[in-house]
Structures are given as C-alpha cells and as structure tokens.
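1. I would like to see how this sequence folds:
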Amino acid sequence: MLSKHTPGTSSSQVDFSTGSVRQNVLAVAAPMLVAQVLNLLYNIVDRIYIGKLPGEGALALAGLGVCFPVVTLVTAFANLFGVGGAPLCSIARGEKDLPKARRIMANAWFMLLACGAVLTVAGIAFHRPILYLLGASDDTYPYAAAYLIIYLLGTVFVMTSLGLNPYINSQGFAKIGMLTVLLGAAVNILLDPVLIFLLGMGVRGAAIATVFSQFLSAVWVVRFLTGPQAELTLEWKGFRPDFACIGRIVALGTSSFVMSFTDSLVQVACNSTLQTFGGDIYVSVMTVINSVRQIAQTPVMALTDGTSPIISYNYGARSITRVRQAIRFMTQLGFGYTLLIWGLISAFPTLFIRIFNQDPALLEAAVPSLHIYFFGFVMMAFQFTGQSVFKSLGKAKMAIFFSLLRKAVIVVPLTLILPHVAGLGVNGVFLAEPISNVIGGLACYITMRLTVMPELSALERDKAAA
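-> Just a heads-up that it's a prediction; the model follows:
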C-alpha cells in the first residue's frame with residue numbers, strides 16, 4: 001500500500017493490506033450500506049409517493065412497475081463496465097500497477113458513455129412496443145410512458161453515476177462513494193413531493209426528480225475522479241479505446257450484467273404472467289414485493305460489495321490468509337442478516353406492504369404472495385457470497401454461469417410453467433423465487449467452496465515454498 005505521504009491518499013482511504021480484516025470489511029461496507037440504502041431511495045421513494053396519488057395510486061404504481069425492466073436494464077449496463085472493471089482495478093492496485101488500473105477505469109467510462117447514448121436513443125424510439133411487451137395495459141401505458149421517456153433522457157447520467165462509483169470504492173474511498181449517492185438521494189427526496197403533488201406533475205415529476213438527482217451524482221463522481229484526492233484519476237489526454245482491456249472488463253462484468261439483465265427478464269415474465277392470471281392488481285402486488293425485496297437485500301449486497309475490493313486487493317497481493325478471513329466473515333454476517341430479515345418480513349408483512357400502498361384489495365392480495373415469495377430468503381446469502389467471491393477473484397465464467405442458472409434457467413421457466421400446474425395461478429409466479437433461492441444459492445456456494453478454497457491453499461503453499 002502507499003505510504004502516508006504518497007499523493008492521492010487521505011485519512012478517509014481504507015488500507016486493505018493491514019489491520020483487522022473484519023474492521024476493513026465493516027469500514028468499507030458501512031458507508032456502502034448507507035450508499036445503497038440511499039440509492040434504493042432513488043427507486044422506492046418514487047413508488048411510495050406514486051402509490052399514494054389520490055384515486056389512481058394502484059394504477060400508477062402498476063405503470064411504474066412496468067418500467068422496472070428498462071430501469072434494471074440500464075443498471076445492468078452500468079454494472080457491466082462498473083462492477084466489471086472495479087475488481088480488476090483492485091487487483092492491479094494490489095500488484096502495484098497503477099497505470100494499468102487507470103487504463104481500466106478510463107476505458108470503462110468510455111463504454112459507459114457510449115452505451116448510455118445508444119440506450120437513450122433506442123429506448124425512446126421504441127418505448128411504446130417495449131412497454132406493451134413488458135406487460136402494460138391500455139390503462140397503465142400512459143403512466144408508464146410518462147415516466148420512462150423522461151427517465152431515458154437521463155441515461156448517460158445514471159450510467160456515469162452508477163458505473164464510476166465502484167472505482168471510487170475500489171480505491172478505499174468508501175465514504176466518498178457514499179456521498180455520491182447521498183447527494184442525489186437527498187435532492188430526489190426533496191424534489192419528489194414538490195414535483196409530484198405541489199406542481200401536480202404526477203409520474204412525470206418523479207422521473208424529473210430522479211434524472212436531475214442522478215445528474216448531480218454524476219457530476220460529483222467525475223469531479224472526484226479527476227481531482228487531486230483520488231489515487232487513480234481519469235485522464236483523457238491521448239486516450240484511445242483499448243479493446244483488449246474493454247474485453248477483460250466485459251468478461252468479468254458480464255456476471256453482474258447477467259444478474260441485472262436476468263432480473264429484468266424475470267420482471268418481464270412475472271408482469272406478463274400476472275397480467276394474464278391476475279390483472280393489473282397483481283402487477284401492482286409484484287411492484288410492491290419487488291420493492292420490499294430491494295429493501296431486504298440491500299444490506300447483504302452492501303456487505304458483499306464492501307468485501308469484494310478487500311478480497312481482490314489481497315488476492316492480487318497474495319495475502320491469502322486475509323482473503324480467507326474476508327470470505328468467512330462475509331458468509332457468517334450475510335447468513336445471520338438474511339435469517340433475521342426473513343423472520344421480520346414473515347412476522348410483519350402488512351407493515352412492509354403499507355410503506356407503498358394501503359389499498360385494501362392490494363393488501364389482501366399482497367400478504368399471502370409476500371409469504372410465498374420470501375420463503376427461504378436466507379438462502380440468498382449463499383448466492384450473494386458465492387457470486388461475490390467469483391467476481392472478486394476475476395473468475396468470470398463461474399460468475400456468469402451461476403448468474404444465468406438462478407434466474408434464466410430456474411426462475412423464468414418456473415414463472416411461466418407453475419401457474420398452469422395444479423391450479424396454482426398467480427401463486428405459481430411467486431413460488432418460483434424461493435425454489436430458485438434454494439437450488440441456485442446452494443449450487444453457487446458449494447461450487448465456490450470446492451473450487452476456490454483448494455486454489456487458495458495451493459497459492460499459500462507456493463508462497464511458503466518461495
């Protein structure tokens with residue numbers, strides 16, 4: 001690690017090479033948790049306010065839910081180049097190859113901007129057929145279109161903010177990464193009620209607040225990464241795309257992309273099937289349940305994301321004992337948390353549902369659906385842990401395989417098949433999730449233990465023999 005007087009370091013930068021691994025994980029994960037909770041607010045605050053529009057809340061909420069797959073797809077592309085390149089940056093830092101780390105970051109931003117521009121143009125041009133494909137009805141289309149068109153205009157800002165923030169965290173500046181999201185979330189929370197209710201803009205107001213907030217976050221990220229405090233700075237002078245570097249980023253980022261993309265695919269399958277078997281009310285129910293799931297999984301995602309740069313850095317530095325300690329701590333804490341939150345959701349389902357909507361018909365439909373959907377949620381800890389280890393160590397193929405296994409191979413087919421089995425109907429849609437959690441989570445974690453741990457033992461032996 002750099003010395004105390006090396007330019008680019010500061011008291012807010014966490015040194016991954018020294019001290020307690022648990023303290024390092026918590027030092028990075030705690031600000032990440034705050035950041036991800038705030039990032040969650042970008043999405044759920046809109047739903048909370050929209051769900052409370054007088055006389056049209058449930059319908060508007062369904063319209064917003066139809067937009068989720070597109071929003072998730074934008075996030076998927078941000079993760080492709082953000083989460084894909086950040087572990088490579090951390091490994092390069094552990095190897096003391098800072099020019100390589102800078103090159104990775106610059107190429108990632110180039111691709112974030114290019115993809116953002118393409119998604120904006122394509123999304124707006126084809127928004128109507130896309131929304132109907134995603135489960136919109138004639139009643140929900142006006143709400144969905146009003147939100148989506150404005151949101152897509154800010155795609156480049158979303159991509160820059162979400163895609164570059166992991167490069168701040170990979171340098172150990174977790175608090176700065178948290179402030180990126182804090183800035184945007186605070187503005188979004190303040191603007192939402194003003195634009196939605198006071199100015200009567202409804203779903204358009206929610207979209208404008210989100211886009212403006214992401215714009216501010218993007219400016220903050222770029223300003224930090226081009227300033228003197230960052231250890232790795234964005235440099236455009238003499239820049240040319242390095243397609244070999246971009247290929248490595250994409251290879252590793254494909255795992256995160258597939259996870260987000262398959263989330264989008266699952267949402268499409270769920271919305272379409274629920275529209276057939278239950279109508280708009282069950283599309284609203286799924287919107288609420290997805291929102292509860294995002295709340296529930298945010299802390300465990302912060303834990304795994306906070307552990308990832310520590311695993312990557314120490315793997316690059318060949319500090320294998322610290323890698324093992326980080327994996328063990330992440331597994332234990334993740335299991336304990338998911339067990340706790342599953343218990344809370346099971347015991348107080350209406351408390352979580354009422355955050356978004358209090359319509360009696362929606363509550364009646366949502367409570368049993370929530371119980372089914374969250375059954376065995378504790379198994380998600382194993383999925384997140386296994387995926388995080390594979391990504392942190394640069395094992396792209398394994399990470400991609402298990403991303404596809406849980407969602408594309410298990411959830412989507414079950415979502416389409418189970419409603420037709422034994423009269424399950426809408427319950428079959430919600431049952432697909434716990435089945436995939438058990439099968440996918442265990443398969444991912446067990447494979448990680450059987451493949452990664454022997455490799456780490458071999459590296460330890462090689463280091464001892466050298």
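2. pLDDT value on the nearest residue to D280 once chain neighbours are set aside, please?
-> Distances taken as C-beta to C-beta, 6 or more residues apart in numbering place A62 nearest to D280, at 4.8 Å, with adjacent residues excluded. From N, CA and C alone the C-beta is placed, and that goes for glycine too. Here, the pLDDT recorded for A62 equals 80.
3. Neighbours of A62, how many?
-> Counted with other C-beta atoms under 10 Å, the neighbours of A62 add up to 31.
4. Report the distance from the helix or strand of the chain at the bottom of the mean pLDDT ranking to the chain centre.
-> When the helices and strands of the chain are scored by mean pLDDT, DSSP states H and E, helix 21-50 comes last with a mean of 75. Helix 21-50 sits 10 Å away from the centroid of its parent chain (C-alpha atoms, centre = their mean, to the nearest Å).
5. show me the contacts for the residue nearest to D280.
-> The neighbours of A62, taking C-beta atoms under 8 Å, 6 or more residues apart in numbering as the test, are T140, Y143, D280, I281, V283, S284, T287.
6. so the fifth one sits right up against V66, yeah?
-> Pointing back at V283 there. Yes. Using C-beta atoms under 8 Å, V283 makes contact with V66 at a distance of 7.1 Å.
7. so what sits against both of these two?
-> In contact with both V283 and V66: G135, T140, N271, using C-beta under 8 Å, 6+ apart.
8. list the helices and strands the helix or strand where the last one lies packs on?
-> Going back to what we said before, that points to N271. With elements taken from DSSP states H and E, the one containing N271 is helix 243-277. Helix 243-277 sits against helix 57-94, helix 98-125, helix 280-316, helix 380-392, helix 396-404, helix 412-417, helix 426-465, with contacts defined as 3 or more C-beta pairs under 8 Å, 6 or more residues apart in numbering; DSSP states H and E.
9. And K237, how far from A106?
-> Computed as C-beta to C-beta, to the nearest Å, the K237 to A106 distance reads 10 Å.
10. again but with P349, I slipped
-> Distance of P349 to A106, given as C-beta to C-beta: 47 Å.
11. if we can go back for a sec, for M201, find the nearest of the helices and strands packed on helix 243-277.
-> helix 57-94 (12.2 Å; C-beta to C-beta).
12. Next, count neighbours for the nearest residue to M286 once chain neighbours are set aside.
-> Nearest non-adjacent residue to M286, counting by C-beta to C-beta, 6+ apart: C270, 5.3 Å away. Using other C-beta under 10 Å, C270 is surrounded by 29 other residues.
13. can you check P434 too?
-> Using other C-beta under 10 Å, P434 has 18 other residues around it.
14. my read: P69 touches A269, true?
-> No. Applying C-beta under 8 Å, one finds P69 not in contact with A269, separated by 9.7 Å.
15. neighbour count winner among the two?
-> More crowded of P69 and A269, by other C-beta under 10 Å: P69, with 24 against 21.
16. Burial check on the nearest residue to that one once chain neighbours are set aside, number of neighbours?
-> Once flanking residues are discounted, P69 sits nearest to S264: 4.1 Å by C-beta to C-beta, 6+ apart. Using other C-beta under 10 Å, S264 is surrounded by 20 other residues.
17. before we move on, what about G55?
-> Neighbourhood size, G55 [other C-beta under 10 Å]: 7.
18. Look at it and give its secondary structure.
-> Of the three states, G55 takes coil under DSSP: H, G, I helix; E, B strand; the rest coil.
19. Contact partners for it?
-> So G55 contacts nothing (C-beta under 8 Å, 6+ apart).
20. Who are the contact partners of the residue nearest to P69?
-> For S264, the contacting residues are F68, P69, V70, T72, L73, A76, by C-beta under 8 Å, 6+ apart.
21. pretty sure the first one contacts V268?
-> What that stands for is F68. No. With contacts counted by C-beta under 8 Å, F68 stays clear of V268, the gap being 9.3 Å.
22. Between these two, point out the one with more neighbours.
-> F68 (24 against 21).
23. Can you give me the neighbour number for L456?
-> Neighbours around L456, by other C-beta under 10 Å: 16.
24. Compute the distance between it and I311, please.
-> Between L456 and I311 the computed distance is 10 Å (C-beta to C-beta).
25. Could you do M379 as well?
-> The gap separating M379 from I311 is 22 Å, by C-beta to C-beta.
26. Looking at those two now, which is surrounded by more residues?
-> Comparing M379 with I311 by other C-beta under 10 Å, the one with more neighbours is I311, at 28 against 21.
27. separation between that one and D305?
-> 11 Å.
28. Pull up the overlap in contacts between those two.
-> Common neighbours of I311 and D305, using C-beta under 8 Å, 6+ apart, are S388.
29. buried residues in stretch 187-206?
-> Buried positions in stretch 187-206, judged by neighbour count with 16 or more other C-beta atoms under 10 Å: 187-189, 191-192, 195-196, 201-206.
30. about what we covered before: biggest separation within the contacts of A62, which pair?
-> Y143 and I281 (14.9 Å).
31. shaky segments in the stretch 351-466 of the chain?
-> Low-confidence segments of the stretch 351-466 of the chain, defined by pLDDT under 70: 466.
32. before we move on, the earlier item: who has more neighbours, Y143 and I281?
-> Taking other C-beta under 10 Å, Y143 and I281 do not tie; Y143 has more neighbours (26 against 18).
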